[in-house]
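Chemist: fold the following.
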Amino acid sequence: MAMQVIPAEQRYHSKIDWLESYWHFSFDHYYDPNNMNFGNLRVFNEDWIQPNRGFGMHPHRDMEIVTFVVSGEVTHEDSMGNKGVIKAGEVQRMTAGTGVFHSEYNNSPDTVVHLLQMWVIPNEAGLTPSWEQKSFRGEERKNVWLPVVSGTPKGEALSIHQDVTFNVASLDADHTLEAELNGRPAYLFVIGGSVKMGDTTLSAGDQVKMVEEDRLVLEAGTDSEMILIEL
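Modeler: Residues are numbered from 1 along each chain as shown. Sure, this is the predicted structure:
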């Protein structure tokens, strides 16, 4: 059994005039051969995009890309002909497969977009590109782990081409939340707030890698938001 806590400040920090990012794994110009992935989780980026700015059309291939908007909204457009807005609390899954171009843009004149983007290695190469999006903004994730993306059918979760499950939770202060891991590798990220895991206090930006753990127990010190990826 093993848990590795990685404090927020140990993430790689990148900042340019319109974009501030924290990269959990090797990405773009940041390369660390000892920090390439965690299982099939290849990329975990936390981004803040300034108003009227964004990522222009760029290519992806053979990757499952999950985007979760924390606040604000981002406009998505791709070479499959899809165009839409991902709002706070909404999740998008895009299968890059044989190849796709897409853009992500903050069209607001005055609001910064805060989002998480995660890339998962698919279970096979050469898949047909596809796109799916759903809102999980309601009470359904209050004080429970709500599956939002999963390789196996789970409630209203979006599908993904890999044996992984993304769960989100909005936890009230002083509430305790458990997750039965049953030895499965898992990755926890605190989006906001503060929670206790045993004797360890986790705050926004902290992450935990778990291997061969049976159970995860969290107690919220403040209202908190988290994402748990079962790998």
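Chemist: pLDDT below threshold where in this structure?
Modeler: 1 (pLDDT under 70).
Chemist: ok, S135 - how many residues close by?
Modeler: 13 (other Cβ atoms under 10 Å). Every C-beta, even on glycine, is put in place using the N, C-alpha and C of the backbone.
Chemist: how about the residue nearest to V195 when sequence neighbours are not counted, secondary structure?
Modeler: Leaving aside its chain neighbours, V195 sits nearest to L218 (4.6 Å; criterion: Cβ to Cβ, 6 or more residues apart in numbering). Judged by DSSP: H, G, I helix; E, B strand; the rest coil, the three-state class of L218 is strand.
Chemist: correct me if wrong: L218 contacts M226.
Modeler: Yes. In this structure L218 lies within contact range of M226 using Cβ atoms under 8 Å: 7.3 Å.
Chemist: neighbouring contacts of stretch 46-53?
Modeler: 11, 17-22, 72, 74, 104-117, 205 (Cβ atoms under 8 Å, 6 or more residues apart in numbering).
Chemist: how is this protein carved up into domains?
Modeler: 12-135, 139-230 (automatic domain parsing).
Chemist: can you list those domains in CSV and add distance to Q4?
Modeler: Putting the domains of the chain into CSV (distance: least, Cβ to Cβ, whole Å) gives the following:
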stretch, distance to Q4
domain 12-135, 10
domain 139-230, 4
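Chemist: do you know which of the ones you listed lies nearest M3?
Modeler: The closest of the domains of the chain to M3 is domain 139-230. By Cβ to Cβ, the value is 5.3 Å.
Chemist: A125 contacts D62, doesn't it?
Modeler: Yes. Using Cβ under 8 Å, A125 is in contact with D62, at 4.9 Å.
Chemist: neighbour count for the two, which is higher?
Modeler: Comparing A125 with D62 by neighbour count (other Cβ under 10 Å), the higher total belongs to D62, at 16 against 11.
Chemist: shouldn't that one be within a helix?
Modeler: No. D62 sits outside any helix when classified using three-state DSSP, being coil.
Chemist: quick one: contacts for it?
Modeler: Neighbouring residues of D62 by Cβ under 8 Å, 6+ apart: 96-98, 122, 125-127.
Chemist: hmm, try it at 7 Å
Modeler: The contact partners of D62, taken as Cβ atoms under 7 Å, 6 or more residues apart in numbering, are 96-97, 122, 125.
Chemist: cool, and V164?
Modeler: Contacts of V164 (Cβ under 7 Å, 6+ apart): 40, 120, 151, 229-231.
Chemist: need phi/psi at it.
Modeler: phi -140, psi 160 (degrees, to the nearest 10).
Chemist: could you tell me how far it is located from P33?
Modeler: 23 Å (Cβ to Cβ, to the nearest Å).
Chemist: repeat for A125
Modeler: A125 sits 23 Å away from P33, going by Cβ to Cβ.
Chemist: you'd agree W131 is in a strand?
Modeler: Yes. Assessed with three-state DSSP, W131 lies in a strand.
Chemist: can you count the residues close to it?
Modeler: 17.
Chemist: same deal with E64?
Modeler: Neighbourhood size, E64 [other Cβ under 10 Å]: 27.
Chemist: can you check the one 3 residues further on too?
Modeler: Per other Cβ under 10 Å, the neighbour tally for T67 reads 20.
Chemist: ok, it touching G84?
Modeler: No. Counting by Cβ atoms under 7 Å, G84 is not a contact partner of T67; they are 11.6 Å apart.
Chemist: nearest residue to Y30 in space, please, no chain neighbours.
Modeler: Closest to Y30 by Cβ to Cβ, 6+ apart is Y12, at 4.6 Å.
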